[in-house]
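Asker: here is the input, now give the coordinates:
(2 chains)
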Amino acid sequence: MATTPPPTYRLLGGRIPYIEGPLKVTGRAEYTDDIRRPGMLVGRLLRSPWPHARLRSIDVSAARALPGVHAVLTGDRYPTPFGVLPITHDETAIAVGKARYIGDIIAAVAATDERTAERALSLIRVDAEPLPEYSDPRTGTSKVPEPIHSRGLLGSNIQKEVVQHFGNVDAAFARAAYTVRVRGNFAGVTHAFTEPMATIAEATPDGRLTVWSATQVPHYLHRALSEVLGIPMHRIRVIKPEVGGGFGGKSDPLPHEIVCAALSLETGRPVKILFDREDVFYTNHGRHPTQNDVRIAADASGQILGYDIDALIDGGAWSSFGTVTTYYNGVLAMGPYRVPNFRYRGRRVYTTKPPSGAMRAHGGTNIRYSVEVALDTVAEAAHIDPFDLRSRNALPPNSKTVNEFRITSTSFLKCLAAAREKSGWDAKFRKLPYGRGVGLGCGFYISGSNSPIHFTPKFPQSTVHLKVDMDGGVAVHSMQADIGQGSNTLLAAIVAEVLGVDLDRVHVQRVDSDVSPIDIGSYSSRVTFMMGNAARAAAEQLRAELVRAAAALLDRSPEALEVVHERIQERGHPEVGVTFLAALHRAMETGGALTASGSFDTSPVGGTFKGARAGTAPAYSFAAYVAEVEVDDETGEYRVPKIWAAFDCGRALNRLAVEGQIEGSIHMGLGQVMGESMNYRGARLFNPSLLEYKIPMPQQMPDVEILLVGDDDPEGPFGAKEAGEGPLIATLPAVGNALYDAVGVRFTDLPITPDKVLRGVDQRRKEGRTWKGG
Amino acid sequence: MSSPEPLRFRLNGHPVEVACESSRILLDLVREDLGLTGTKRGCDLGTCGCCTFLLDGRPTLSCLTLARLVAGRDVTTIEGITPPDGLSPVQRAFVERGATQCGFCTPGFVVTATALLRDSPHPGREEIERAISGNLCRCTGYRKIVEAIQAAAEEAR
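Answerer: The predicted structure follows:
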């Protein structure tokens, strides 16, 4: 069968430096805290010192009377509940009736300066009755004396329970040659972006409200502000300045954003709320502490027969994205493999701790670790190489999973082949001396959630507007949110590619809800796929207009023309042509500036059973990583000198950005596997600072060899799929399995700290098992 | 309460004189009073390095520096490192190599790297990693930052 070689592009597929790079390296990029408004007040929050308490009364009279204080707010002023998912509105801007974790907001102050605001907070008197603390999700799974929320399942603290069964798991296990069980225990981890949250709100006498905020999802913030404050959306203007990292932590509409707006409405003055690092840690929304129980059945040849999974997920005080988390911990456990029988029970339980939420590779990370460790165990039991076991079970392209995910492109087998070859696997696996080892971990992630969170009114997932006037500059508007991943650059590059123009003609405008058409923002690894398709559609409309104008100028038919760099010319006769500007000016003669609107919406995929939409995506990314580790037998410390990262993101449209996403994901994944942990005593967070919550240092970063092997995706823009979250997942099990190869111990609990390594090795020796002579 | 003496120091090569309370932190003075917002506030605890500036040429954390301590001394912020007509070699390398993603930590890294290359024009990887170990970056995994600093050193060679 003859195949056409994939097309090549002028810009896309190359290494495109970020367009805002020059502003960022000079400190000229504008983040929320860099914005000053005339007469701006300082907003400060009083946070609960109690993990769980009934708020009997709050006396703010002394605070209000303090000179320089312009407003003091408590929860009763704007009590309308909100939350990122329309089905779980369980948050309020300020606590109403109860405080639900240490750090919950119970009052807010706006004052002329920081010192006055702090003093005002100290003058607020709260009469509170302590209620039972629930720090362990296990204690909340049945009826409790004082549920954290009234919406808990049957008087318990269960926020969401998911039960799914496809095929026949009991029959699969009954005929299995191998069954493996891994019980994992995962500490919570947090995003640790460098820019603390910040919001400025300015209510103006024309009845409008402008909010600048460090957010990943301006549209959801826009909605939440409108709902809670009771102001129609068209009178609220949300602006997203540069955002100093998000990783999921800035994707919920957050209470302080609403409080800030409320303080401005109360005072008629601009108000800024800037978080300190402790505020950031208490606001959290990081990866859920999780206990999972994974059983895998396989036949004698290593073919997977079934999964049986239970996950207990510690939600903290709010729902946040938790309903999605609960589904994802099950449904994202299957791909990249064919799993014919699947049973899952997931429970997310409220606790009186800082809320967990979405963090990079949301819902697909902890469960993947346990599954990959289990598969490594199956391979060992069946005397099959871990690579062969994975290849044997790979989901084929254009297939369907047992829960009816539609799989289109997958280059998973190519990922496996590349990682195996480049890492020198066959010469290393079980062959390196004691203390050194290699491990394989694989990954699978959604390239955008197929279902938007909001269904009414119905609108496309992404819209991009273009405007080009006589100066030849192309203004691009879209509410997609660049939070450092390079989506503005990709947006500009796609427009420039289609129009054939230089990149510097394209000006991506700051997100501003007054003028940006809706794109639902940076989460679920959706931006490249969805915004990219919308941008392409918009640019193709403009190109068609320009080609028609060129055709008129050249007296040719539009079909005879082609767009090349800054020029439109006759195909086969490059001397017959006009410049981009000449075509543009002709096209504008009658109607002025050219405008175009392109959009993208997902087409329906997936099943019709309850929860069928969770985890459906227009495409999926695939990964196979090999990590090499070196363990110090005396201290239990280990290092990861190298990771071979084979990744299928379809076509990498900006290789510089894709590499950056993979290297950054590996850093974050390595942090979770090697040491990051939100440490609690009871419900009290003990390490709310970057001194005590340590992310990996430069010296701990391995060499990373990136292997981009993806074939073009049939529906992704120019063949692309996601590369923002999937690259994290495989890091963790690759290291875990490499540690097994190094010292012969299965580590099921994260993080794997040196003390656990030492204990594990001691235990193995006590059991009389030697490993590679050690 | 008598107002304290004005604070005098050199900021990015120019003499300045500002009113400054004894408890004022340099980061606040620079960002809030002097309007130089290139120096970023990431933690207020000396853990992240986003607020790095040069004190008499040495990388220093402005969030841990009392403003009065810089009296009579040389303070250089990211604004003072940036040439008036474009980018410094370090800045150019950061852009070209993708060493900046969200960009919030970037001014601190650029300040640190500029001082490193001034003192040690051809640092090895280990020396670079040691020099930047007081700066946190959550986006890049540091690899492209190290590469950019190496590239800037190469360019100067």
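
Asker: pick out the residue of chain A closest to chain B.
Answerer: A:G27 (2.1 Å; Cβ to the nearest Cβ). For the C-beta atoms, the positions are set from N, CA and C on the backbone; glycine is no exception.

Asker: could you pull up phi and psi at whichever residue of chain B sits closest to chain A?
Answerer: Here the residue of chain B nearest chain A is B:G38; by Cβ to the nearest Cβ that distance is 2.1 Å. When read as degrees, to the nearest 10, the backbone of B:G38 gives phi -70, psi -30.

Asker: could you tell me how many residues sit around it?
Answerer: B:G38 has 25 neighbours, counted by other Cβ atoms under 10 Å in any protein chain shown.

Asker: and for the nearest residue to it once chain neighbours are set aside, the neighbour number?
Answerer: Nearest residue to B:G38, sequence neighbours excluded (Cβ to Cβ, 6 or more residues apart in numbering or on different chains): A:G27, at 2.1 Å. Neighbours of A:G27 under the rule other Cβ under 10 Å: 25.

Asker: how close does A:G27 get to B:D85?
Answerer: 16 Å (Cβ to Cβ, to the nearest Å).

Asker: please apply the same query to A:S603.
Answerer: From A:S603 to B:D85 the distance is 51 Å (Cβ to Cβ).

Asker: these two: which is more packed in?
Answerer: A:S603 (8 against 5).

Asker: quick one, what contacts that one?
Answerer: Neighbour list for A:S603: A:P618 [criterion: Cβ atoms under 8 Å, 6 or more residues apart in numbering or on different chains].

Asker: any stretches of the chain with poor pLDDT?
Answerer: As the question left the chain open, I've gone with chain A. Applying pLDDT under 70 to chain A flags residues A:1-3.

Asker: can you look at chain B instead?
Answerer: Using pLDDT under 70, chain B drops low at B:1-3.

Asker: could you rerun that using 50?
Answerer: B:1 (pLDDT under 50).

Asker: what about the closest residue to A:I102 other than its chain neighbours, neighbour count?
Answerer: Spatial nearest neighbour of A:I102, excluding adjacent residues (Cβ to Cβ, 6+ apart): A:P51 at 5.3 Å. The tally of other residues near A:P51 (other Cβ under 10 Å) stands at 25.

Asker: what residues does the host helix or strand of A:V464 touch?
Answerer: Using DSSP states H and E, A:V464 sits within strand A:462-468. Here strand A:462-468 makes contact (Cβ under 8 Å, 6+ apart) with A:474-480, A:491, A:495, A:516-520, A:526-527, A:530-531, A:533-535, A:537-539, A:542, A:584, A:593-601.

Asker: what sits up against the helix or strand just after that strand?
Answerer: Next along the chain after strand A:462-468, taking DSSP H and E as the criterion, comes strand A:474-477. For strand A:474-477, contacts defined as Cβ under 8 Å, 6+ apart pick out A:464-468, A:491-492, A:495-496, A:499, A:501, A:505-509, A:515-517, A:535, A:542.

Asker: next step: the residues you listed restricted to helices.
Answerer: The members of the contacts of strand A:474-477 that map onto helices under DSSP state H are A:L491, A:A492, A:V495, A:A496, A:L499, A:A535, A:L542.
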